[in-house]
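Engineer: 3D model of this:
(one chain, ligands or ions: 2)
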Amino acid sequence: MNLRPPIGELQALLGAEAVSQDPGELLHWGRDWTRIYAAAPWAVCWPRSTAEVAAVLRWCHARGVPVVPSGGRTGLAGGAMATAGELVLSLDRLRYLGPVDVLNRSVAVGAGVPNQVLQEHCAPHGLWWPVDLAAKGTATIGGNLATNAGGLRVVRYGHARNWLLGLEAVGADGQIISELRALHKDNSGPDLRQLLVGSEGTLAVVTAATLQLAPLPGPTAVALLACPSMQAVLEVLAQAHTLKLELHAFEVFSDLCLSHVLARTGLPQPLQARLPFYALVELGLDPAGSAHQPPAGARMERWLERLLTDRTAADGTLAVDHRAAQKLWAYRERITESLQPWTPRKNDISVPVSRLAEFVVELQRWLDHSRPGWQVALFGHVGDGNLHINALRPEGMAMVEFQQACDLADEALYQLVARFGGSMSAEHGIGLVKKRWLPLFRSKAELQALGALKHALDPAGILNPGKVLS
Ligand code: 2HG
Ligand code: ZN
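Structural biologist: Ligands and ions are numbered 1, 2, ... in the order given. From the prediction side, this is the model:
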């Protein structure tokens, strides 16, 4: 354990009940959903206000105490892991929920507010925060912004950064370096807010944000289609784009994912046919229709029939009411938990959508040759070219052996992704897990510029050391 100042100094700043070194608390607050590392923080603290966050950072800066800023800890790249005697700075108590400004379509909230709480707060005004994550009950706004979270509706709404009006963030030395504004337009020089978004707590600590809100989505319909190949899935996507209906989500999962979801959840088979891939498509139902077009629901039904006739899909089902649609979404949303018992190595890559099918063929070829017999679950957000690749630990294989085999496989995978002009992290971030691969995807000059920025904002290197930029 590194030498740390007396814990009493921190307790004097925040009060004893806002600081803990209890071993159970350290384990709980010192880790995220990554299951690769052991949590080993020095202490955890829960400031109640931006001023207290600033006081903690000033103290850490003066004392050289490394800090891991911590939100809902649902990340999958180790960005919120405290593995080396750090202070976990939890934003959990920053739960301010401001009044919804209906005309400005915005709301100011504390970093610790969970997505779902925010969505419920805005719904009575017909508005919502459109970063829609499977982990919405736990993930927080601060974490959403620190990681530029994506989720299930990026194809329609984009990432968290698209919905940010103002950001309050405290710098490494305790100064507030970005303030809450609520402006839709502000072109007064470079945008520091957007630099902080996605920096995973390595440049500053997000304490609050003014968020832009979207209108609550109108009625939608969800189709689930069984397709023979990724190429066919992309054909469904191409056709979906031509329907003149708003595309809200376009997801995919492989038959292996479906098998695990069925085994884990006991849900019934969604379709009669079992095929290599399933596409889940959510489209807006324009209730008004138009004089020249049949109603949206009828158009979707006809489209499905066409897909089945021309054999782009072998089976399909359509849900037009909310409950039925949620049932179809469950097959996609429950994949992560269903794979968890196999301690999967998670990858989160993206390539241009138009190259996804070719990429999957190459990936499969590599797996057949180099990892025969391995179960590798493919799912993700096809509409954004984002594929989650989860390698499941073969039964009986020791964890250490599995990790080594995965490290080698990652190297081959990232070379392939780079050849396709892709990214090794479409939405989960870099954290600890991907850091060593960054030079494959960012040029030397880019990394130098980012390094200079890190040094300027955090010269003592106390903010989330070992992650992303440090
Ligand atoms: C999802 O899309 C999440 O469900 C989790 O990004 C992906 O478990 C994963 O690999
Ligand atoms: Zn995802």
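Engineer: now residue 349. Nearest residue, chain neighbours left out?
Structural biologist: residue 417 (4.9 Å; C-beta to C-beta, 6 or more residues apart in numbering). Every C-beta, even on glycine, is put in place using the N, C-alpha and C of the backbone.
Engineer: please disregard the earlier target; I meant residue 371.
Structural biologist: Computed as C-beta to C-beta, 6+ apart, the closest residue to residue 371 that is not its neighbour in sequence is residue 409, at 6.2 Å.
Engineer: on the three-state scheme, the one you found is what?
Structural biologist: With DSSP: H, G, I helix; E, B strand; the rest coil as the basis, residue 409 sits in helix.
Engineer: same check on residue 467?
Structural biologist: Relying on three-state DSSP, one would call residue 467 coil.
Engineer: wait, isn't it in contact with residue 199?
Structural biologist: No. Counting by C-beta atoms under 8 Å, residue 467 stays clear of residue 199, with 9.5 Å between them.
Engineer: more neighbours, those two?
Structural biologist: residue 199 (28 against 24; other C-beta atoms under 10 Å).
Engineer: what sits against that one?
Structural biologist: By C-beta atoms under 8 Å, 6 or more residues apart in numbering, the contact list for residue 199 reads 146, 468, 469.
Engineer: hmm, 7 Å instead?
Structural biologist: Counting by C-beta atoms under 7 Å, 6 or more residues apart in numbering, residue 199 makes contact with 146, 468.
Engineer: which bits of the stretch 1-150 of the chain sit near ligand 1?
Structural biologist: Proximity of the stretch 1-150 of the chain to ligand 1, by C-beta under 6 Å from any ligand atom, involves residues 76, 134.
Engineer: in the stretch 1-150 of the chain, what residue comes closest to ligand 1?
Structural biologist: Across the stretch 1-150 of the chain, the shortest distance to ligand 1 (C-beta to the nearest ligand atom) belongs to residue 134, at 4.8 Å.
Engineer: list the buried residues in the helix or strand harbouring residue 119.
Structural biologist: In this assignment (DSSP states H and E), residue 119 forms part of helix 115-122. Of the residues in helix 115-122, those buried under the neighbour-count criterion (16 or more other C-beta atoms under 10 Å) are 115, 116, 117, 118, 119, 121, 122.
Engineer: in TSV, list these along with pLDDT and distance to residue 73.
Structural biologist: Compiled in TSV, these are given as follows (pLDDT from 0 to 100; distance: C-beta to C-beta, whole Å):
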residue	pLDDT	distance to residue 73
115	97	14
116	97	16
117	98	16
118	98	18
119	97	20
121	98	22
122	98	24
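Engineer: any idea how many residues pack against the residue of the stretch 351-470 of the chain found nearest ligand 1?
Structural biologist: Closest approach between the stretch 351-470 of the chain and ligand 1, counting by C-beta to the nearest ligand atom: residue 388, at 3.9 Å. Burial measure for residue 388: 24 neighbouring residues, criterion other C-beta under 10 Å.
Engineer: helix, strand, or coil at it?
Structural biologist: Three-state assignment for residue 388 (three-state DSSP): strand.
Engineer: cool, residue 325 as well?
Structural biologist: When the rule is three-state DSSP, residue 325 gets the label helix.
Engineer: who's in contact with it?
Structural biologist: With contact set as C-beta under 7 Å, 6+ apart, residue 325 has these partners: 220, 222, 319.
Engineer: how near is it to residue 168?
Structural biologist: Relative to residue 168, residue 325 is positioned 36 Å away (criterion: C-beta to C-beta, to the nearest Å).
Engineer: do residue 18 as well
Structural biologist: Between residue 18 and residue 168 the distance is 20 Å, computed by C-beta to C-beta.
Engineer: compare these two (neighbour count), which wins?
Structural biologist: Under the criterion of other C-beta under 10 Å, the comparison of residue 18 against residue 168 puts residue 168 first, with 25 against 18.
Engineer: tell me if I am right that that one is in a helix.
Structural biologist: No. When three-state DSSP is applied, residue 168 is found to be strand, with no helix at that position.
Engineer: what's the nearest residue to it if we skip its chain neighbours?
Structural biologist: residue 208 (4.1 Å).
Engineer: what's around that neighbour, how many residues?
Structural biologist: Burial measure for residue 208: 27 neighbouring residues, criterion other C-beta under 10 Å.
Engineer: who touches the residue of the stretch 351-470 of the chain closest to ligand 1 in this structure?
Structural biologist: 346, 347, 348, 379, 380 are the contacts of residue 388 under C-beta under 7 Å, 6+ apart.
Engineer: please redo it, this time with the cut-off set to 8 Å
Structural biologist: Residue 388 makes contact with 346, 347, 348, 377, 378, 379, 380 under the criterion C-beta under 8 Å, 6+ apart.
Engineer: now do residue 111
Structural biologist: By C-beta under 8 Å, 6+ apart, residue 111 lies in contact with 71, 91, 94, 140, 141, 142, 143, 145, 206, 207, 208, 209.
Engineer: list the buried ones in stretch 395-404?
Structural biologist: By neighbour count on 16+ other C-beta under 10 Å, the buried set for stretch 395-404 is residue 402.
Engineer: which residues does that stretch contact?
Structural biologist: Stretch 395-404 is contacted from outside by 36, 343, 345, 393, 394, 405, using C-beta under 8 Å, 6+ apart.
Engineer: which residue is the nearest non-sequential neighbour of the second one?
Structural biologist: Nearest residue to residue 343, sequence neighbours excluded (C-beta to C-beta, 6+ apart): residue 393, at 5.1 Å.
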